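Enquirer: Curious how this folds, go ahead:
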Amino acid sequence: MTTTVWLSLFTICLLGAMSPGPSLAVVAKHSLAGGRSNGFVTAWAHAFGIGIYAFITLIGLAVVLQQSPLLFKTISYAGAFYLIYLGYNALQSKGGVAAKLESGQQTSLLQSAREGFFISILSPKIALFFIALFSQFIAVGSDVTSKSIIVLTPFVVDGLWYTLITLFLSSPRFIDKIRSKAQLIDRLSGIILILLALRVLFTV
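Expert: Down below sits the predicted model:
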């Protein structure tokens, strides 16, 4: 794999990670409510899900997924209902930013890891991303080194991006400013997650 090809892969992966959506909402929630450690765990659990998608695409299962509408719809619907679940909890302040900041309750690292992983592995947006864009690099990576780079690049880029998000959101100064707006953040996050889920349900 040439440097030019890798830079193209890196750029696509970075733009995909930076794209706002449910993943950002989940990482933000755990960074704000649980603290820096929870944000890091959420970020890298999410990145692990991204790495799984990269590996699946690499071994050719993306083609199978693309040619099986029923399988793709099943994954899409599962992801949509998970988004609705997260959105409902945010609207009810169950496990949301407001409840955790006001009560001082600590979110477990396991819970953060679970939500970070599932929000990536059940996301139709991420599935479409790898099928439509990432798969073009499969033909380039014929040797073991290139294949490893193709899988590791989106994993590392995604993890580092959300690590930076966590460092910003978990700073004490930022927490103090946002504490008074925690309830509003929960409501907005819940509405956004549910709207994203409805969009999936009506477009799949």
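
Enquirer: Poorly predicted segments of this structure, please.
Expert: Within the chain, the ranges that satisfy pLDDT under 70 run 20, 61-66, 93-106, 131-142, 172, 174-182, 204.

Enquirer: Nearest to the spatial middle of it, which residue is it?
Expert: Ser23 (3.4 Å; CA atoms, centre = their mean).

Enquirer: Let me know whether that residue touches Phe118 as I believe.
Expert: No. Using CB atoms under 8 Å, Ser23 is not in contact with Phe118, being 10.7 Å away. Bear in mind the C-beta positions are built from the backbone N, C-alpha and C, glycine included.

Enquirer: Tell me how many other residues surround Trp77.
Expert: Not quite, residue 77 is Tyr, not Trp. Neighbour count for Tyr77, taken as other CB atoms under 10 Å: 16.

Enquirer: Kindly list the longest helix within the protein.
Expert: The helix that spans the most residues within the chain, counting by DSSP state H, is helix 144-169.

Enquirer: wait, doesn't Ile52 sit right on Ile121?
Expert: Yes. Counting by CB under 8 Å, Ile121 is a contact partner of Ile52 at 6.4 Å.

Enquirer: more neighbours, these two?
Expert: The neighbour comparison of Ile52 against Ile121 (other CB under 10 Å) goes to Ile121, with 20 against 15.

Enquirer: how many neighbours does the residue nearest to the more buried one when sequence neighbours are not counted have?
Expert: With CB to CB, 6 or more residues apart in numbering as the criterion, Ile121 has its nearest non-adjacent residue at 4.0 Å, and that residue is Gly49. Around Gly49 there are 22 other residues, counting by other CB under 10 Å.

Enquirer: repeat for Cys13
Expert: Cys13: 24 neighbours (other CB under 10 Å).

Enquirer: quick one: secondary structure of Gln111?
Expert: helix (DSSP: H, G, I helix; E, B strand; the rest coil).

Enquirer: how much space is there between it and Thr166?
Expert: Distance, Gln111 to Thr166, using CB to CB, to the nearest Å: 16 Å.
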